[in-house]
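In: attaching a predicted model along with its sequence, questions to come.
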Amino acid sequence: MNTFLSQLNDVQRKAVTQTEGPVMVIAGPGSGKTRVLTFRIAHLIQSGVPPQQILALTFTNKAAREMKERIAKVVGDAAGKVWAGTFHSIFSRILRMESDKLGYPSTFSIYDSEDSKTLIKDIVKNLGVEKSNYPPNAVLSRISHAKSNLITWKAYGNNSELISRDQLDKRPMIYKIYEHYSKRCEKAGAMDFDDLLLLTFRLFYENKDQVVEKYRRRFKYVLVDEFQDTNFLQYAIVKRLTRYKESPNNLCIVGDDAQSIYAFRGATISNILDFKKDFPELKTYKLEQNYRSTPHIVDAANNVISHNQKQIKKKIWTQHHAGSKIQIVKALSDTEEARRIAGMIVEYKNRYHYSNKDIAILYRTNAQSRVFEEQLRRQNLSYKIYGGLSFYQRKEIKDLMAYLRLAVNPVDDEAFRRVVNYPRRGIGKTTLEKVMTVANTEGIPAWEAVERPILNSRTSSLLKRFKSIIQTLNEQSASMNAYDLANLAYKKSGMLAELSADNSIEGMSRRENVTALLDGIKEFIESDEQLEDMPEGTDKSISTYLQSVALITDFDDDDGDEDRLLLMSAHASKGLEFKAVFVVGLEENLFPSFMAKDSPASMDEERRLFYVAITRAMEQLTLSFSNSRYQYGTMRYNDPSRFLTEIEAEHYLNPDLIYGEKSTTGGTARSAVSGDFKIGRKPKKNVQVAVPVDFKPSNPSEIREGMKVLHLRFGEGEVKSVEGKSPNFVATIYFENSDSPSKRIMLKFAKLQILNGK
DNA sequence: GGCCAGTTTCTTTTT
DNA sequence: GAAACTGGCC
């Protein structure tokens, strides 16, 4: 029976069999984390726990999928009854069943980030504020962070700290935008990604009809994967579910602080620290033995991560025998980088008999995939790109989905805006603006605003025609199955005619994509997977379909047997492993990203990301960089990434490429690389603010609020606040001469001179 | 009032 | 390089 337990080492087995009470598993890369998690669930089921009492929360769809598959391998069909999925998908499922308690329709729409951004742009425009001060991405991220910290728009407006921070950033109206944004989402019966969490918390917090007790009774065992990537709000929900009087506290979290790469999304390491406080009786298990990689790779990973300031002490180790050293590829251009890597792949396949699927190319930004695609095609290597513009983000797919969204939820303003004039039916910008103005001033959805006598008869009848299409779809949505409805929407909307008229290559591919979407819906209604607890009949509705695909960003269209190379972002690679890994584009301003260069905390996150990337490799690791590359339409010249020299020379096959020949003086990365070949000019290094010759950094502990200080790079600034405990003081300083004047600075690293104190 | 084409702007990672 | 935007034209 328990044969699978013998496949585990001592620590792993303890982590699996300690089923009762709070458990924390700190798991280094390749230490068998997923194995522990899945075996733990399997063990619970074999010990007699009904599978439907187990809730397993993951962070990405990919992780959820893999977990389900692996549980199924051990326990078979029972796996289907375990609630395993991403935070977002599990909670949207719950919200759908309980939406009435929040005043939302069960057919609520889910706004993706594109919808959110369009909405924000519209709000900014209506408020009449300078739009260059309110880039949608920045505003959305501010709102998202607020939501992730359980700050509603009302609380935001009353929070003087946030308000003054926004004022420093010259974005004083954010609180107002947040308010309008929230109200307009609610009006449209729509939730954005963060709302799925925030409203779940509200649901459990307000506890109408004792709804939280229902789920507490139901989920006796809760597991959270990648706990280091959860934010405050996600943990708050988990606590709401598991921490109450007489709770068995059967909560198991698995994570690795060194692999925290989603702080930009509000993930916080303090959740791990809080967990110890909240569940003092917890049992902790550390998995440090790496079963994945050869020693050079493991040591390199340890080298890299040791450059980070904050970390839970842990050293991964391996019993593997020495394998290949890490190879560096230095190219002159991005094309050459890709060409040489494609060549190396061919060589690896011959020399080590690797299949395509044993090999992955990892990059920092999805845009980098292009050049590699070209070169791989030249070598006749078949590949698959993970992420990037996913299937569901293609225009034609989003268009048809917008019709379907309107069919179940006609008040969805963003869907309305998207397709009211697609295919073209003579409803242009001006008309839409009029409708939206009425809608906003009266606080009604566009769907109702079109009825107001604000338009001339011609446009009015055009809008009526559009509305009647949606009405037909809406009426049919109750009786028709999802597939028939989608087909009807395709025809009725005029999309079929529009796409059929286009015989260009792109047009054909659009048609194929829509057909693929329709096939997907057909598959969805025909699959016999029965979801637990779903009201009979509703689970195959178009609404359920929309909910499930709204949260899918990666697409899983292959059967898994295809032998293809994988190209993906370093983020997407988390949790995966490959015999040979190429981490490419290792250049300053790319990996690490230029976005990180002013903040030590972001730089640490980039480093953790690099750590994640290199620890995907089992046998062969190659790191590449290029002197020049096409970026954003122009040629750029970047220095090799600082991360390259954070790995000790002994782990490299060809360290000269970054450490320089022994004879060269200094041997810094830059002199070694740019010395032999120069294309055009090198860009200027960061322009420094004029600094007096007698600059002398002051002792960080003497810096106080209100002081004027001088920073080597940012110039003069005023200290707005100092937080944190010695020696980790963090100051918020306002630098007038900087593009983003308000900066948070770790005092122990910063070179700051006090100009005058109070 | 709407549409197209030329022009400008902004560059990350994911649910 | 692509998406968003603006201005001129029908």
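Out: Cool, the structure landed.
In: pass me the low-pLDDT residue ranges in chain A, would you?
Out: Within chain A, the stretches with pLDDT under 70 are A:1-2, A:311-313, A:388-389, A:528-539, A:553-561, A:661-701, A:711-715, A:723-729, A:735-752, A:756-758.
In: for it, which residues are neighbours of DNA strand C?
Out: By C-beta under 7 Å from any atom of the strand, the residues of chain A that approach DNA strand C are A:114, A:121, A:630, A:632-633. Just so you know, the C-beta spots here come from the backbone N, C-alpha and C atoms, and that holds for glycine as well.
In: let's see it at 10 Å
Out: Within reach of DNA strand C by C-beta under 10 Å from any atom of the strand, chain A has these residues: A:114, A:117-118, A:121-122, A:124-125, A:131, A:135-136, A:367, A:370-371, A:389, A:393-395, A:428-429, A:630-634.
In: restricted to strands, list those.
Out: Taking DSSP state E as the definition of strands, the residues of chain A next to DNA strand C contribute A:630-631, A:634.
In: drop anything exposed from the residues you listed.
Out: Taking 16 or more other C-beta atoms under 10 Å as the criterion, what is buried in these is A:Q631.
In: closest to A:N303 among the ones in strands among the residues of chain A next to DNA strand C?
Out: Closest to A:N303 out of these is A:Q631 (28.3 Å), distances taken as C-beta to C-beta.
In: return the set of residues that bridge with the closest residue to the closest one other than its chain neighbours.
Out: Among residues not flanking A:Q631 along the chain, A:L590 sits closest, at 7.7 Å (C-beta to C-beta, 6 or more residues apart in numbering). Assessed by DSSP bridges, A:L590 has beta-bridge partners A:S593.
In: between the ones in strands among the residues of chain A next to DNA strand C, which is nearest A:F232?
Out: Once C-beta to C-beta is applied, the member of these that ends up nearest A:F232 is A:Q631, at 34.8 Å.
In: I'd like the distance between the closest one and A:N638.
Out: 9 Å (C-beta to C-beta, to the nearest Å).
In: need the residues touching each of these two.
Out: A:L590 (C-beta atoms under 8 Å, 6 or more residues apart in numbering).
In: dump the residue contacts of the residue nearest to A:Q631.
Out: A:364-365, A:629, A:631, A:638, A:641.
In: can you check A:I272 too?
Out: With contact set as C-beta under 8 Å, 6+ apart, A:I272 has these partners: A:24, A:227-228, A:253, A:255, A:257, A:312.
In: then A:L273?
Out: No contacts exist for A:L273 under C-beta under 8 Å, 6+ apart.
In: wait, a strand at it?
Out: No: counting by DSSP: H, G, I helix; E, B strand; the rest coil, one finds A:L273 to be helix, located in no strand.
In: distance-wise, check it relative to DNA strand C.
Out: For A:L273, the distance to DNA strand C equals 39 Å [C-beta to the nearest atom of the strand, to the nearest Å].
In: now A:I54
Out: With C-beta to the nearest atom of the strand as the criterion, A:I54 and DNA strand C are 41 Å apart.
In: and if you look at A:K330?
Out: 23 Å.
In: run a quick neighbour tally on that residue.
Out: Applying other C-beta atoms under 10 Å, we find 23 residues neighbouring A:K330.
In: checking it next. Helix, strand or coil?
Out: strand.
In: ok, now which ones touch it?
Out: Per C-beta under 8 Å, 6+ apart, neighbours of A:K330: A:624-627, A:640, A:657-658, A:673.
In: who wins on neighbours among those?
Out: A:F625 (28 neighbours).
In: DNA strand B versus the closest residue to A:V411 other than its chain neighbours, what's the distance?
Out: With sequence-adjacent residues excluded and distances taken as C-beta to C-beta, 6+ apart, A:V411 is closest to A:P445, at 3.7 Å. Separation of A:P445 from DNA strand B (C-beta to the nearest atom of the strand) stands at 19 Å.
In: for A:R424, same thing?
Out: A:R424 is 4 Å from DNA strand B, by C-beta to the nearest atom of the strand.
In: likewise for A:V129?
Out: 14 Å.
In: out of the contacts of A:K330, which are inside strands?
Out: Taking DSSP E, the ones among the contacts of A:K330 that sit in strands are A:624-626.
In: quick one: buried ones out of the residues of chain A next to DNA strand C?
Out: Buried, going by 16+ other C-beta under 10 Å: A:117-118, A:122, A:124, A:136, A:371, A:394, A:631, out of the residues of chain A next to DNA strand C.
In: which residues touch the residue of the stretch 151-300 of chain A found nearest DNA strand C?
Out: Relative to DNA strand C, the nearest point of the stretch 151-300 of chain A is A:I177 (14.9 Å; C-beta to the nearest atom of the strand). By C-beta under 8 Å, 6+ apart, A:I177 lies in contact with A:120, A:123-124, A:127, A:134, A:139, A:143.
In: A:L404 now?
Out: Contact partners of A:L404, counting by C-beta under 8 Å, 6+ apart, are A:473, A:485-486, A:489, A:542, A:545-546.
In: close enough to count as contact, A:D229 and A:Y262?
Out: Yes: the criterion here is C-beta atoms under 8 Å, and A:D229 meets it with A:Y262 at 4.4 Å.
In: shared neighbours, those two?
Out: A:F59.
In: who has more neighbours out of those two?
Out: Set A:D229 next to A:Y262 and count neighbours by other C-beta under 10 Å: A:D229 wins out with 27 against 21.
In: so what's that one up against?
Out: Here A:D229 is in contact with A:59, A:255, A:260-262, A:267 (criterion: C-beta under 8 Å, 6+ apart).
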